[in-house]
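Asks: Quick one, fold the following:
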Amino acid sequence: MTRMGANPTSSWAGAIAAGVRSVGFARIRAIRDRTALQLCPVGDSENFGKTLRGVALRYLLPAVVWCTLATPGALAQAAKRDTTKSKSTRQAPAKAKEPEHQHDAMPMGTPRDTAAVKDEHAGHEMAGHDMSAMSAGMRMPPMAKGLEMPMIPGMGSARPSVTEWLPGAGIDPSTLPLATPRKLAALKDGDTLDLVAEMVRRTIRGKPRIMYGFNGQYPGPLIRVPQNATVVVRFVNRLDQPSAVHWHGVRLENASDGAPGVTQEAVPPGGSFVYRVHFRDAGIYWYHPHVREDIQQALGLYGNMMVDSPDPAYYSPVNDEQFLMLEDLLEDERGIFPFGKEAADFAIMGRFGNVFLVNGEPDYRLTARRGDVVRLLLTNVSNTRMYNLDFGGNPIKLVGADVGKYEHEEMVETVVIAPAQRYVVELKLDKPGTYPITNRVQGLSNFRGEFVPIVDTLGMITVLDQPTAHDYGPQFARLRTNDSVVADIGRYRKYFDKAPDKQLFLTVNMQGLAVPITAFMSVDTMYFPPAEWADGMPDMNRVATTKEVHWTMRDAVTRAENMDIDWRFKAGDVVKIRITNDGQSMHPMSHPIHFHGQRFLVLAVNGVPQTNLVWRDVAIVPVGTSVDILLDASNPGKWMAHCHIAEHLEAGMHMVFTVEPKENQ
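Replies: Purely as a prediction, here's the structure:
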């Protein structure tokens, strides 16, 4: 979140914004002429010269090794090179040197076996996916505009270690139901909702697609309930792979959390499961699968939940209220870009899409009157993309986030939203006209060694030259202090300054990647921004699967990793956790860390206290940064914590913690 008049380094969003504007690459470019390009004994020295732009002198030796290995015949001998002794074993900031680890993490789930590849391709040829070229060579992902780069030597023969896969093997798309825009499911305490996950037929940008949907809708039904209601959801899985439903951010009973392998078994195709969902906190939440999120979520399995406070003045009055779910779908000229069947691909950076969808549509439109105040409830459901949202320069008031309202409303310039996060903002639309909803970021060109401005248009707001029916301008101009939130958080302030009770270290181990990938990464990681806004190396990212890439959450004290971590708390414990993101790993990335079933406060970033607090369930941890959170461990059960980049979750970046009930519970 970029705040107007605020110190940009006083928050994690400010740190990211400062990194986006960094000019550190100017120094790297200044020495690129001193790189000894003539040392590369290969035929295509021009491409090697371009690839080695941005290489500092201390990286020349790895570059020479790369060039040597890239000569004809050398790649085949080195294809199984172990990269465990990578920069992920280097010293973490203010930490002792990390030992080498080899961790074979199991993904949260895999698609069940389908028909033969020939039959699998047939159904998608009918749906607009040209599968005939798949057997001829690897299908390469499209590159973001401005971040194009030639294929580096040796990559032409690289292949992901998984089978390319798309849903609907052997199915005639015309036999599938045509998906419809979402509908409101207004529920009250004690009601029951039937929720079906199924394959659907969609048309996106004029082309037919086989996708997934809840109840045949995109997104899934908007579930709206009063605070403290409890509803029953009867889930039926009609997909072609196992699934489950996670009620993200909701502090519900543990047995209904929807985390396969922790709270339930995955629901097989044709199976069912009954969830009992209690809505303890007012605010905006969402539901999604917790099996192969990289596939199921990307193909449309997600929906919002709005929990209404009994207080009619919980939010300020507005003229309109819109729920926006933001996604980016990866497509090429043949259709939806295939996924990895046996394991997730795009395992380094996650799958960045190139078709931006708002509520499942690529052409979102909002119409308002002059002077209207519109409330937007935003949810980022993308696999990995973080957005920096602008609404045509119209004033933005920040009201709430994941699990409720901020202590103080404030004006902001843009909205930075990471995967799985939610924000509640209000817009004041004073002037007639058409205003784009844009994602304005700085992409990092790993090839050229420089930042590239990127502006993506997600939709349009049209303000009619007709006066608003009700003038809520005075209420918009007032920045409220939410006394109930201040009082609630005040009960925890005595814990703010204590030493961390637990510490997590986030890093990555890579093994078995093709030599061109590891060699390129060894010379392109001299500088990384605090967050990745776009994929500057999609071909290498595509080849890397969760069989080779193992993202890690490590207990800094016990050194246990991922599912070997065994944190135990008592209900009512207030736990301070310091999360440090390794800035010297083989590929540093920011991580949105989600704790199931609880809420927490982000207290400080790199020791700088946060001044306007809100209860959260997802915290973004930028590269090379330490973030202190205060976990309100009040909900008993066995819960997951994980990175909410779908491919990182599949690559093992998840753990379990237990909150034991009090003796009288």
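Asks: residues in contact with residue 269?
Replies: 112, 237-242 (CB atoms under 8 Å, 6 or more residues apart in numbering). Using the backbone N, CA and C atoms, a C-beta is placed for each residue, glycine as well.
Asks: Which secondary structure element is home to the residue lying closest to residue 582 once chain neighbours are set aside?
Replies: Spatial nearest neighbour of residue 582, chain neighbours left out: residue 507 (3.9 Å); criterion: CB to CB, 6 or more residues apart in numbering. Taking DSSP states H and E as the definition, one finds residue 507 inside strand 502-510.
Asks: Now the element after that strand, going C-ward?
Replies: Heading C-terminal from strand 502-510 (DSSP H and E), you reach helix 515-524.
Asks: now that following helix: how far from the chain's centre is it?
Replies: Put simply, helix 515-524 sits 24 Å off its chain's centre (CA atoms, centre = their mean, to the nearest Å).
Asks: what's the answer for stretch 279-289, then?
Replies: The answer for stretch 279-289 is 17 Å, by CA atoms, centre = their mean.
Asks: Would you confirm that residue 425 contacts residue 374?
Replies: No. Look at residue 425 against residue 374 with CB atoms under 8 Å: they stay out of range, at 9.3 Å.
Asks: Count the neighbours of the residue nearest to residue 582 for me.
Replies: 27 (other CB atoms under 10 Å).
Asks: And residue 571, by the same measure?
Replies: 15.
Asks: Now do the same contact list for it.
Replies: 633-636, 659-662, 665.
Asks: And it, its phi and psi?
Replies: The phi/psi pair for residue 571 (degrees, to the nearest 10) reads phi -60, psi 130.
Asks: so how far is residue 300 from it?
Replies: According to CB to CB, to the nearest Å, residue 571 and residue 300 sit 36 Å apart.
Asks: Residue 332 too?
Replies: As for residue 332, its distance to residue 300 is 19 Å (criterion: CB to CB).
Asks: So if I had to pick from those two, which one is more boxed in?
Replies: Higher neighbour count among residue 332 and residue 300: residue 300, with 26 against 15, using other CB under 10 Å.
Asks: Now do the same contact list for that one.
Replies: 179, 200, 202, 211-213, 218-219, 360.
Asks: so where's the stretch 351-500 of the chain uncertain?
Replies: Where the stretch 351-500 of the chain drops to pLDDT under 70, the residues are 446-447.
Asks: One more pass at 50, please.
Replies: For the stretch 351-500 of the chain, no stretch is flagged by pLDDT under 50.
Asks: Would you map the helices across it?
Replies: 473-477, 483-490 (DSSP state H, counting those that start in this stretch).
Asks: which secondary structure elements does the longest one contact?
Replies: What that stands for is helix 483-490. When contacts are defined as 3 or more CB pairs under 8 Å, 6 or more residues apart in numbering; DSSP states H and E, helix 483-490 packs onto strand 404-417.
Asks: what's the spacing between the strand it packs on and its chain's center?
Replies: Here strand 404-417 shows a centroid-to-chain-centroid distance of 20 Å under the convention CA atoms, centre = their mean.
Asks: now swap in stretch 173-190 and tell me
Replies: Its chain's C-alpha centre and that of stretch 173-190 lie 25 Å apart, by CA atoms, centre = their mean.
Asks: What is the end-to-end distance of that stretch?
Replies: Taking CA to CA, to the nearest Å, the first and last residues of stretch 173-190 lie 37 Å apart.
Asks: Next: stretch 194-213.
Replies: One end of stretch 194-213 to the other measures 13 Å (CA to CA).
Asks: In this protein, where's the longest strand?
Replies: Of all the segments assigned as strand in the chain under DSSP state E, the longest by residue count is strand 450-467.
Asks: That one pairs with which strands?
Replies: Strand 450-467 sits in its sheet next to strand 364-370 (parallel), strand 433-445 (antiparallel), going by DSSP bridges.
Asks: and those as a markdown table, adding mean neighbour count?
Replies: Compiled in a markdown table, these are given as follows (neighbours: other CB atoms under 10 Å):
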| stretch | mean neighbour count |
| --- | --- |
| strand 364-370 | 17 |
| strand 433-445 | 20 |
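Asks: Would you mark the buried spots in stretch 181-191?
Replies: Neighbour-count burial for stretch 181-191 flags 182, 185, 187 (criterion: 16 or more other CB atoms under 10 Å).
Asks: which residues touch the last one?
Replies: The contact partners of residue 187, taken as CB under 8 Å, 6+ apart, are 193, 223-225, 229, 231.
Asks: Which residue is the nearest non-sequential neighbour of residue 258?
Replies: In space, and not counting its chain neighbours, residue 258 is closest to residue 246: 3.9 Å by CB to CB, 6+ apart.
Asks: Need phi/psi at that neighbour.
Replies: Main-chain dihedrals, residue 246, degrees, to the nearest 10: phi -100, psi 130.
Asks: For it, give the beta-bridge partners.
Replies: For residue 246, the beta-bridge assignment (DSSP bridges) gives partners residue 288.
Asks: now do residue 408
Replies: residue 481.
Asks: Please tell me how far it sits from residue 360.
Replies: Relative to residue 360, and taking CB to CB, residue 408 is found at 34 Å.
Asks: got it, and residue 317?
Replies: Taking CB to CB, one finds residue 317 at 29 Å from residue 360.
Asks: out of those two, which sits in the busier spot?
Replies: Legend: neighbour count by other CB under 10 Å for residue 317 and residue 360, higher for residue 360 (23 against 12).
Asks: Count the residues that sit near the nearest residue to that one once chain neighbours are set aside.
Replies: Nearest non-adjacent residue to residue 360, counting by CB to CB, 6+ apart: residue 218, 3.4 Å away. Close neighbours of residue 218, defined as other CB under 10 Å, add up to 26.
Asks: out of the contacts of residue 300, who's nearest residue 461?
Replies: Top of the list for closeness to residue 461, among these and by CB to CB, is residue 360 at 18.4 Å.
Asks: for that closest one, phi and psi?
Replies: Phi and psi for residue 360, reported as degrees, to the nearest 10, are phi 80, psi 0.
Asks: Does it touch residue 180 like I think?
Replies: No. Contact criterion CB under 8 Å: residue 360 and residue 180 do not qualify, at 10.1 Å.
Asks: Need the residues touching each of these two.
Replies: Residues within reach of residue 360 and of residue 180 at once, by CB under 8 Å, 6+ apart, are residue 218.
Asks: Against residue 230, how distant is residue 654?
Replies: 28 Å.
Asks: who's more crowded, the two?
Replies: Per other CB under 10 Å, whichever of residue 654 and residue 230 has more neighbours is residue 654, with 26 against 16.
Asks: just so I have it, where are all the strands in the stretch 201-350 of the chain?
Replies: Using DSSP state E, counting those that start in this stretch, the strands of the stretch 201-350 of the chain run over residues 207-214, 217-218, 222-226, 230-238, 246-248, 272-278, 283-288, 303-308, 320-329, 331-332, 335-336, 339-340.
Asks: most packed of those?
Replies: strand 339-340 (a mean of 26; mean count of other CB atoms under 10 Å).
Asks: before we move on, back to that, what's the PyMOL syntax to select whichever of the contacts of residue 571 are buried?
Replies: Here is the PyMOL command that picks out the buried ones among the contacts of residue 571, judged by 16+ other CB under 10 Å:
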select buried, resi 633+634+635+636+659
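Asks: nearest to residue 381, of the contacts of residue 571?
Replies: Closest approach between the contacts of residue 571 and residue 381, by CB to CB: residue 635, at 23.8 Å.
Asks: still on that earlier bit, so which of the contacts of residue 571 belong to strands?
Replies: Those of the contacts of residue 571 lying in strands (DSSP E): 633, 659-660.
Asks: CSV for these, including pLDDT?
Replies: Output for the ones in strands among the contacts of residue 571, formatted as CSV (pLDDT from 0 to 100):
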residue, pLDDT
633, 98
659, 98
660, 96
